[in-house]
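Chemist: Pasting the sequence and the predicted coordinates here, then a few questions.
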Amino acid sequence: WSNIEDDGNDGNMGKPMQLVDEKTLEKRTSEDEVWEEGIHDLEEGQQFDPDFPEFHEAPVGAATAVVDDRDIEVLDPSNIITQNVPCMTAMPAASVSPGLGLPPVRRDSVIVIIRHGKTDHNKLGLFTGWYDAPLAVEGVQEAKEAGRLLKAHGFEFDVVYTSWLSRAVETAWYVMDELDCLWLPIIKSWRLNERMYGDLTGLSKKMVAQRHGEAQFKAWRRGYKVRPPKVSSFSPDYPGNDRRYQKYMNDLRVSVSESLIRTIERGRPELCRKLPKSESLKDCMDRTIPYFSRAIVPEAIDKGKRVLISSSENAIRGLLMHLCDIPEEKVTELEIPNGLPIIFDVKSKCVKLLDDGSGVDPLEKYNFGKAGSYLFKPCVNEDGTPDEECDISWMSNSGASSAASTHPTKPLLTEEEERAIDFIKGRGIGSGGGNGSYNGGGGGRVQDEVEA
């Protein structure tokens, strides 16, 4: 046998011929049959697991259906491991491959919430509050990228809501510019302003922590009902000294004490509104949530409009607390990334993110804080079926760890599940590759769960 010349016609590409015993040959023939049958199943829209032909034996808790005269496993959804990881909508084909035209325009009512891009105050770690800091160069870029991402996914809007702060208005402008809709109506309300930080406005967070202690600093910064020290009526940071609030903020009651102070100061009668001198997170939410419920919902959402809201972190915390039923004791642990479009689906009542084409798990790329998993609940339609827009399911350890950190009862991926995921990535499901190998036990149940 060693003297036989290999002419390459045996499919070994000129490599030496390999002798196999009858048992191995029978195994390979069986695998070829499985693949051939599986390709046929895929063409028919059926499930296929090439490496576990015995997976048709239904595990405990699974239902079965008969297709083509043989049992096919249908997993019971209650047996699938679910974790609060982001629902992500895949990039439309038209945005990925040139020549396919424009991506389909989204017609359904939707709420897109975006925190303004970074400011120099953000970069320096200063308390900003109602101080009117403009966008930094990075913030402008973040807003533009958000607009391009929304355009790639076919988003259009009917109305835009912002606060009275320049950074939120500018972010809305840059997003609208990328969407070629600068003509859209913009409704501004001070009730979407950032939390008023009082006498801490403009101070370094590190300096405040060093001067007053870490415990006091955390209480002022993240205490749900704790207000920072009040700002003076004569401070430039007091809204009553800003002409936009003096002239146009007319939906608050008159303040007797402020009116008396201004009357004495100016020597003539003055009526002044009771503007906030300091706010807790609860105070901020007590103006943001009612504005959303009493103005945005009836004027836009209930009329089927597509809404863009550009605001600041604490105002957005309030909106998401209301929309996602986040507990009061957890909402202070929620972080809102700058310049990231957060999609709230009105039908499925869940938060979604948009695929940016980077292939990076959003829980690795963005910091949503310890309460992040409260945002990403399973997206299901009104009839209980899974939301078909959740095209990408991240199963990385970072995502699992993030979910488990706030939900200790939810298990992390087992080693066997991790091997199954690595196997799928190595084989390249859908690409015709077949170089991977997986020797884990347990039949096809694990792989089918992962694919689900």
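Modeler: Okay, I see it.
Chemist: What is the end-to-end distance of stretch 343-360?
Modeler: 18 Å (CA to CA, to the nearest Å).
Chemist: Tell me the buried residues in that stretch?
Modeler: Residues of stretch 343-360 classed as buried by neighbour count (16 or more other CB atoms under 10 Å): 343-346, 348-356. The C-beta positions use only the backbone N, C-alpha and C, and glycine is treated the same way.
Chemist: now swap in stretch 312-329 and tell me
Modeler: 312-324, 326.
Chemist: What of stretch 253-264?
Modeler: In stretch 253-264, counting by 16+ other CB under 10 Å, buried: S255, E258, S259, I261, R262.
Chemist: what's next to it, contact-wise?
Modeler: Applying CB atoms under 8 Å, 6 or more residues apart in numbering, the contact partners of stretch 253-264 are S233, G240, P269, E270, L271, C272, R273, K274, L275.
Chemist: Drop anything exposed from these.
Modeler: S233, G240, C272, R273, L275.
Chemist: Just give the nearest non-adjacent residue to the first one, would you?
Modeler: Nearest non-adjacent residue to S233, counting by CB to CB, 6 or more residues apart in numbering: I261, 5.7 Å away.
Chemist: swap in the second one?
Modeler: Across the structure, with CB to CB, 6+ apart as the measure, the residue nearest G240 apart from its sequence neighbours is L275 (4.9 Å).
Chemist: same question, the third one
Modeler: The spatial neighbour of C272 that comes closest, neighbours along the chain excluded (CB to CB, 6+ apart), is E258 at 4.0 Å.
Chemist: quick one: what helix or strand has the one you found in it?
Modeler: Taking DSSP states H and E as the criterion, E258 maps to helix 256-266.
Chemist: Extract the CA atoms of that helix and return them as PDB.
Modeler: The C-alpha trace of helix 256-266 is given here as PDB (Å, rounded to 0.1, in the frame of the first residue of the first chain):
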ATOM      1  CA  VAL A 256     -43.800  84.800  48.700                       C
ATOM      2  CA  SER A 257     -40.200  84.800  50.100                       C
ATOM      3  CA  GLU A 258     -38.500  85.200  46.700                       C
ATOM      4  CA  SER A 259     -41.000  87.900  45.700                       C
ATOM      5  CA  LEU A 260     -40.300  89.800  48.900                       C
ATOM      6  CA  ILE A 261     -36.500  89.500  48.400                       C
ATOM      7  CA  ARG A 262     -36.700  90.700  44.800                       C
ATOM      8  CA  THR A 263     -39.100  93.500  45.700                       C
ATOM      9  CA  ILE A 264     -36.600  94.900  48.300                       C
ATOM     10  CA  GLU A 265     -33.600  94.400  46.000                       C
ATOM     11  CA  ARG A 266     -35.200  96.200  43.000                       C
END
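Chemist: circling back to that earlier point, same list (the buried residues of stretch 312-329) but as CSV, adding pLDDT and secondary structure.
Modeler: Shown next, in CSV, are these (pLDDT from 0 to 100; DSSP: H, G, I helix; E, B strand; the rest coil):
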residue, pLDDT, secondary structure
S312, 97, coil
E313, 96, helix
N314, 95, helix
A315, 97, helix
I316, 97, helix
R317, 95, helix
G318, 93, helix
L319, 95, helix
L320, 95, helix
M321, 94, helix
H322, 94, helix
L323, 93, helix
C324, 92, helix
I326, 92, coil
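Chemist: what's the closest of those residues to E279?
Modeler: Nearest to E279 among those: N314, at 8.5 Å, using CB to CB.
Chemist: thought the closest one was touching R195?
Modeler: Yes. Using CB atoms under 8 Å, N314 is in contact with R195, at 4.0 Å.
Chemist: So for those two, which residues contact both of them?
Modeler: In contact with both N314 and R195: L281, C284, using CB under 8 Å, 6+ apart.
Chemist: if we can go back for a sec, what's the distance between the residue nearest to G240 and R167?
Modeler: 20 Å (CB to CB, to the nearest Å).
Chemist: C324 too?
Modeler: To R167, C324 is 24 Å away according to CB to CB.
Chemist: Check R227 too.
Modeler: R227 is 23 Å from R167, by CB to CB.
Chemist: more crowded one of the two?
Modeler: For the pair R227 and R167, the greater number of neighbours falls to R167 (30 against 20), based on other CB atoms under 10 Å.
Chemist: Next, the more buried one: secondary structure please.
Modeler: helix (DSSP: H, G, I helix; E, B strand; the rest coil).
Chemist: Any stretches of this structure with poor pLDDT?
Modeler: 1-35, 42-84, 91, 93-101, 391-414, 416-452 (pLDDT under 70).
Chemist: please redo it, this time with the cut-off set to 50
Modeler: 1-2, 53-83, 395-411, 428-452 (pLDDT under 50).
Chemist: out of the contacts of stretch 253-264, what pair is the most spread apart?
Modeler: Farthest pair in the contacts of stretch 253-264, by CB to CB: P269 and L275, 18.4 Å.
Chemist: quick one: buried residues of the helix or strand encompassing V112?
Modeler: Per DSSP H and E, V112 falls inside strand 110-115. For strand 110-115, the neighbour count (16+ other CB under 10 Å) marks V110, I111, V112, I113, I114, R115 as buried.
Chemist: Equivalent analysis for stretch 200-216, please.
Modeler: So for stretch 200-216, counting by 16+ other CB under 10 Å, buried means L200, T201, G202, V208, A209.
Chemist: Format these as JSON lines; extra columns: distance to L334 and secondary structure.
Modeler: Output for the buried residues of stretch 200-216, formatted as JSON lines (distance: CB to CB, whole Å; DSSP: H, G, I helix; E, B strand; the rest coil):
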{"residue": "L200", "distance to L334": "20", "secondary structure": "helix"}
{"residue": "T201", "distance to L334": "22", "secondary structure": "coil"}
{"residue": "G202", "distance to L334": "24", "secondary structure": "coil"}
{"residue": "V208", "distance to L334": "21", "secondary structure": "helix"}
{"residue": "A209", "distance to L334": "21", "secondary structure": "helix"}
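Chemist: so which of those residues comes closest to E138?
Modeler: G202 (20.1 Å).
Chemist: I'd like to know how far the closest one sits from G267.
Modeler: In terms of CB to CB, G202 sits 31 Å off from G267.
Chemist: where do the helices sit along the stretch 151-300 of the chain?
Modeler: Here the stretch 151-300 of the chain has its helices, by DSSP state H, counting those that start in this stretch, at 166-178, 205-212, 214-222, 243-248, 256-266, 281-291, 297-299.
Chemist: Residues in contact with the longest one: which ones?
Modeler: Going back to what we said before, that points to helix 166-178. 114, 116-117, 119, 132-135, 139-140, 142-144, 146-148, 150-151, 157, 160, 162-163, 182, 184, 186, 188, 192, 308, 310-312, 339.
Chemist: and that helix with helix 313-324, angle?
Modeler: Put simply, helix 166-178 runs at 70 degrees to helix 313-324, going by axes from the mean of the first three to the mean of the last three CA atoms, to 10 degrees.
Chemist: tilt between helix 166-178 and strand 110-115?
Modeler: 130 degrees.
Chemist: buried ones in helix 166-178?
Modeler: Those would be S166, R167, A168, V169, E170, T171, A172, W173, Y174, V175, M176, E178, for helix 166-178 by 16+ other CB under 10 Å.
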